[in-house]
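Asks: Need a 3D model of the following:
(2 chains)
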Protein chains: 2
Amino acid sequence: MSVSVRPGAPPGSVRREERSRTALATVCISGTLEDKLAAAAAAGFDGVEIFDPDLVASAWSPEEVRTRCADAGLAIDLFQPFRDFDSTRPDVLAANRRRAERKFDVMERLGTDLVLVCSSVAPDALDDDGAIAEQLHALAARAAERGLRLCYEALAWGTFVNTYERSWEIVRQADHPALGVCLDSFHILSRGSDPAGIAHIPGEKIFFLQLADAPHLDMDVLQWSRHHRLFPGQGTFDLPTFLGHVLTAGYTGPLSLEVFNDVFRQSDPTRAALDAHRSLLALQEETAAVLSPAVRERARTVELPPAQELHGYAFVELAADPASAPAVADLLTALGFTRSCVHRSKPVELWQQGDARVVLGTSVDVDGAMIAALGLETADPDAAARRAGALLAPVLPREHGPAEVDLPVIAAPDGTQIFFCSSGGTADWLTDFVPVQRLGSDTDPAGSGLEGIDRVDHVALTQPFDHFDEAALFYRSVLGLRPQHSSEVAAPFGLVRNRTVTDPAGTVHLGLSVSVLRRGTGWQPRVTDPQHVAFATPDLLATVRAARAAGARMLPVPPNYYDDLDARQAPPPELLRALCELDVLYDRDAQGGEFLHAYTEVLGGRLFLELVQRIGGYAGYGEVNAPVRMAAHRRQRSR
Amino acid sequence: MSVSVRPGAPPGSVRREERSRTALATVCISGTLEDKLAAAAAAGFDGVEIFDPDLVASAWSPEEVRTRCADAGLAIDLFQPFRDFDSTRPDVLAANRRRAERKFDVMERLGTDLVLVCSSVAPDALDDDGAIAEQLHALAARAAERGLRLCYEALAWGTFVNTYERSWEIVRQADHPALGVCLDSFHILSRGSDPAGIAHIPGEKIFFLQLADAPHLDMDVLQWSRHHRLFPGQGTFDLPTFLGHVLTAGYTGPLSLEVFNDVFRQSDPTRAALDAHRSLLALQEETAAVLSPAVRERARTVELPPAQELHGYAFVELAADPASAPAVADLLTALGFTRSCVHRSKPVELWQQGDARVVLGTSVDVDGAMIAALGLETADPDAAARRAGALLAPVLPREHGPAEVDLPVIAAPDGTQIFFCSSGGTADWLTDFVPVQRLGSDTDPAGSGLEGIDRVDHVALTQPFDHFDEAALFYRSVLGLRPQHSSEVAAPFGLVRNRTVTDPAGTVHLGLSVSVLRRGTGWQPRVTDPQHVAFATPDLLATVRAARAAGARMLPVPPNYYDDLDARQAPPPELLRALCELDVLYDRDAQGGEFLHAYTEVLGGRLFLELVQRIGGYAGYGEVNAPVRMAAHRRQRSR
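Replies: Numbering: from 1, shown residues only, chains lettered A, B, ... in the order given. Modelled structure (predicted):
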């Protein structure tokens, strides 16, 4: 199937009739019902599950919600009005039936026909399949009289019914055409149930499907569920296999997200809904790969332009305000970079050393200095951009002069621009840059001619608190990057979570980090999301020595660090002396791989550079040394 | 023992020689080592445990840390430089011994003699008490040669050694005078171990005691320990009993706090250290009550001025800027309050209705309107203030005219002022107010004369994110309030945690709430910590009807709420109609107790009022209705 843009939908979304329908539970995102419906519609969802508390708190009547949803192109696929229906107590059952009738009234007004009934978590829950089936049959019969249907779901913490196998057995026994099961990936996978049995449930009896991912957490399943669910692709559940079983069973309803997450409940619902929709597009792509051809044909999973192979960083673009730009240029010079070219039409310069290319732009719109953009090398930039657009990435306007290369560019969740570039050929991005000599510039080409740095090793970007999980999915789905390392660092001002991602060939490494709790504006020096670029050199000690001689302001490392390093890892005394003399940090992995690295001071408030040398296959990032670096940067800022 | 102020220490702290020594692990609080030592000293701690990563990242040499600590009056009671000492692998053991020697070097430079050795969590850990005892004996012998001592602690997740009983058995077998045990309340109580056996360990073999509280959480103990520990009195552990066993054993070392907490790691270390020290003072008081007289005499637990009995709210003081004050006065009038008195010297008025007293002040320093102070009725205000001072509460300067009553006042963690007041007698706070008639004021006494409200039911204060647990301990220790309800509410803009506290007699009810994650400055309307005062009335429907007739701007409740209320609780149709007509919310508890309540709109950005009626012993706060109220206030703000 081909992908095209649906009118009125975000760029890159796919025509409705050509793919599975998607839905979003209102509980996933922040705001009032009005905010949530607007966000779901703007993100291109086909429908919503309405969580009753959202409706109850709304000033819109059910009739108005119905109209507003219809106007926005949203179906109301499911209504979630209550829990704990079945009961051993006749008085409670009678009250529950009355409650159900009142909610059926609301459903008629909403114009929706499907209601969720969860397995009971009450102490008076039934523990008798036949009796539950009987109570559900009676409720289904009553629903059917009103043109409504029920789907029955096993909660992972249901008093007695807490597996999908048992919920399906009860629905099978109840045997009413208006009663089916609802399957929820969290309730099934969190218990470690084998989802393979789902494929044997008749597809027409699976009335609804709720999808959620989650990180691996060893904690009470109810708390895990209520606070830590994630959108598919952000956690550790094998959702493609799970969804594969559901589609193999013949399920044809919407793919609906039901995600309870403390962060998403607080953050901008428009952003969160786009993130959510992206997760379903990526999940369908991954699921298609595990389906049999016959099921794939039938299941209408969306087909996306494939991820393009990456070939490393074409460039890293730094931006600085006029006050900070000279310091950045001086630092690049001292590190051995040469200002080789200037852009034909824009106020940016190209600094080079080996295969490391830094574009430096000056702008009054920047506060201090920052990483403005990453150029990623790929053979077909337009294909990469088509995939990004199909995955709802913000595709930015291409700004270029008449004879200049037209580079596609998208925005990452933290606002960093990602350019797709190819080198060589007619679209070589370098053709827009003019060598400095040819201009007859009155300044000499900068750079001391030192050799050392030969490429960009990695780029590290602190993520906005609300968008850390969004970023993981963005880089995974849009760029095809895979998780590499994860760590938690006790930084001087609070815990920091790190996650590095890389392309399959290992040419692009990206570090994403976020504070475990959102930072306040309190006592500690206000630091806006530090960022750094790490450059690789084959001889770090020589490179640092040369940089220092050339006046680079490298970050001082306290002597206590070297005493501790000696105690922990006992590097050879001569090496230890050199590390200490040059303020170089060190790590060694379990296989004997070694990592030498050194940092510069912070420039313009948030940006610093790193020099690294990897020996013997060391694949980490020296995370163990991060607190030492952070405390040293803090001292620099306090000076 | 009597309590007196130590020179240079915070008001109310107790002379060092008269009480147990206190210490704070540097890992408890935020900042660099320099920040942490300053905070511990300022809070009046006698010593610190230095966590090695803090030292490693510090620019101060061990000698300088030693000097700085001595200058600040801080002992270095413990050094925590490594984990995983014992090993089945000779090469690893040799490396560990070398590592220990290097850390012994650091200890000599620091001038501290006690080092912590935790049970190993490594795969190569020993599972043989005799062999571990042998390795520890050898290390202790080496330490003793250098004048140092070791304390061995069982981590709750140690590979093999994870109970205090086993760690003590190993220390007993090792039988070296330079080796003792370290007991940590978290590692012992988190596993559900019975601490009673501690009393049988010879006191001189308990080399160190680490104290931490924690909330009840059903999760992986390592994650629970690393993220969620609390200071004593903030969680659910029975620490007085635990400490009682340790003191009964004859332990005479410092009471030291080792608390890993995500919030404390980020927040102002000076505040956190004071909170920490308060927790140890309150814990000693509670522990003294469970000790035998002989142990109490020996143990030097601190004695505090006792908590004073409270007798309800003397007043609630509202403060408003000149733009908001008229609206507050109009609302009080419409609710039936009468402006009865004005203060002799300050720009504040007293509004009364029944036993509900509202002091309303106007000030240009206020942004909008807020709850500025609570007046709490107690027979001996000065005794209450002495206790507060002894517990390190900020005692504010008393501002009063020459002939005016001298009311003691302290600041709560959110900045709200707490006045201790007595009615009747020579210090009656009301004598500072002059009835409006006597002044010959040119304005009529306000108020429509309606009856209805008869007292303050409760006050609800949103707490600053960093200070929620601090507030719980503050109200518990300083005012003797006890936890009543806890709940978590799914508010439209994120989860909110609520905790209500009350005095033993139930005369003062206070609701404390906080968002589960710190709110960003993002998309949602910026609301600064909403606050409200709830007034009780014996006939809510009549009071609301009268208030509406008098022009009170009550908060509209959407009709959907009443449809849902009917479905859930089926109140009698006539009552339901009245509730709906008057925008009154409703709850019923499991015992049939009923709660009717209505809210006003928000005044001045963050303040609103509530009217409540309790029927049949209902003891809650209608938390189930909070999201409806929040969404309605949001609509009001969006207008």
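Asks: Skip the chain neighbours and tell me the closest residue to A:Ile615.
Replies: Take A:Ile615 and drop its neighbours on the chain: the residue closest to it by CB to CB, 6 or more residues apart in numbering or on different chains is A:Glu594, 4.1 Å away. From N, CA and C alone the C-beta is placed, and that goes for glycine too.
Asks: So the one you found versus A:Glu574, what's the distance?
Replies: A:Glu594 sits 14 Å away from A:Glu574 when distances are taken as CB to CB, to the nearest Å.
Asks: what's the answer for A:Gly375, then?
Replies: Applying CB to CB to A:Gly375 and A:Glu574 gives a distance of 40 Å.
Asks: now do A:Gly312
Replies: For A:Gly312, the distance to A:Glu574 - CB to CB - is 34 Å.
Asks: Which one of these two is surrounded by more residues?
Replies: Taking neighbours as other CB atoms under 10 Å in any protein chain shown, A:Gly312 and A:Glu574 compare with A:Gly312 leading, 18 against 8.
Asks: got the contact list for the residue lying closest to the more buried one once chain neighbours are set aside?
Replies: Of all residues beyond its chain neighbours, the one nearest A:Gly312 is A:Thr507 (4.0 Å), with distances taken as CB to CB, 6+ apart. A:Thr507 sits next to A:Leu310, A:His311, A:Gly312, A:Glu377 when contact means CB atoms under 8 Å, 6 or more residues apart in numbering or on different chains.
Asks: and if we set it to 6 Å?
Replies: A:Leu310, A:His311, A:Gly312 (CB atoms under 6 Å, 6 or more residues apart in numbering or on different chains).
Asks: Over to it. Which of the three states is it?
Replies: At A:Thr507 the chain is in coil, as set by DSSP: H, G, I helix; E, B strand; the rest coil.
Asks: Give me the pLDDT for it.
Replies: pLDDT for A:Thr507: 96.
Asks: Quick one: the helices in the stretch 451-600 of chain A, in order.
Replies: Assigned by DSSP state H, counting those that start in this stretch, the helices in the stretch 451-600 of chain A fall at A:468-479, A:540-549, A:559-569, A:573-582.
Asks: which regions of the stretch 301-450 of chain A sit below the pLDDT cut-off?
Replies: For the stretch 301-450 of chain A, applying pLDDT under 70 flags the ranges A:425-426, A:438-450.
Asks: so which helix or strand takes in the residue in it that chain B sits nearest to?
Replies: Chain B sits closest to A:Pro413 of the stretch 301-450 of chain A, with a gap of 13.5 Å, by CB to the nearest CB. Using DSSP states H and E, A:Pro413 sits within no helix or strand.
Asks: neighbours around the residue lying closest to A:His467 once chain neighbours are set aside, how many?
Replies: Of all residues not flanking A:His467 in the chain, A:Pro413 sits nearest, at 4.3 Å (CB to CB, 6+ apart). For A:Pro413, the count of nearby residues is 24 (other CB under 10 Å).
Asks: got it, and A:Leu611?
Replies: There are 25 residues near A:Leu611, going by other CB under 10 Å.
Asks: The residue nearest to A:Gly312 and chain B, how far apart?
Replies: For A:Thr507, the distance to chain B equals 33 Å [CB to the nearest CB, to the nearest Å].
Asks: same deal with A:Phe264?
Replies: 9 Å.
Asks: Three-state assignment for the closest residue to that residue other than its chain neighbours, please.
Replies: Spatial nearest neighbour of A:Phe264, excluding adjacent residues (CB to CB, 6+ apart): A:Ala272 at 4.9 Å. Here A:Ala272 is helix, with the state taken from three-state DSSP.
Asks: Tell me what the closest residue to A:Ala393 other than its chain neighbours is bridged to.
Replies: Closest residue in space to A:Ala393, ignoring its immediate chain neighbours: A:Ile410 at 4.6 Å, by CB to CB, 6+ apart. Beta bridges link A:Ile410 to A:Val395, A:Ile418, judged by DSSP bridges.
Asks: my read: A:Leu304 touches A:Gly389, true?
Replies: No: between A:Leu304 and A:Gly389 there is no contact under CB atoms under 6 Å: 9.9 Å.
Asks: that older thread, how deep is the residue nearest to A:Ala393 tucked in, by neighbour count?
Replies: Around A:Ile410 there are 22 residues (other CB under 10 Å).
Asks: Return the distance of it relative to A:Asp432.
Replies: In terms of CB to CB, A:Ile410 sits 19 Å off from A:Asp432.
Asks: go on, A:Gly616?
Replies: On the measure of CB to CB, A:Gly616 and A:Asp432 end up 40 Å apart.
Asks: Over to A:Leu479?
Replies: A:Leu479 sits 23 Å away from A:Asp432, taking CB to CB as the criterion.
Asks: Show me which of these two is the more surrounded one.
Replies: The neighbour comparison of A:Leu479 against A:Asp432 (other CB under 10 Å) goes to A:Leu479, with 27 against 20.
Asks: Can you tell me the closest non-neighbouring residue to A:Ala320?
Replies: A:Ala369 (4.1 Å).
Asks: Spit out the contact partners of the one you found.
Replies: Per CB under 6 Å, 6+ apart, neighbours of A:Ala369: A:Ala320, A:Ser324, A:Val328, A:Leu603, A:Gly604, A:Leu607.
Asks: Kindly list the main-chain dihedrals of it?
Replies: phi -140, psi 150 (degrees, to the nearest 10).
Asks: do the same with the one 4 residues further on
Replies: In this entry, A:Ala373 is assigned phi and psi values of phi -160, psi 160 (degrees, to the nearest 10).
Asks: pretty sure it is touching A:Gln417, no?
Replies: Yes: between A:Ala373 and A:Gln417 there is a contact at 3.8 Å, judged by CB under 6 Å.
Asks: More neighbours: which of those two?
Replies: A:Ala373 (22 against 18).
Asks: For stretch A:429-440, buried residues please.
Replies: Neighbour-count burial for stretch A:429-440, with 16 or more other CB atoms under 10 Å in any protein chain shown as criterion, is recorded at A:Trp429, A:Leu430, A:Asp432, A:Phe433, A:Val436.
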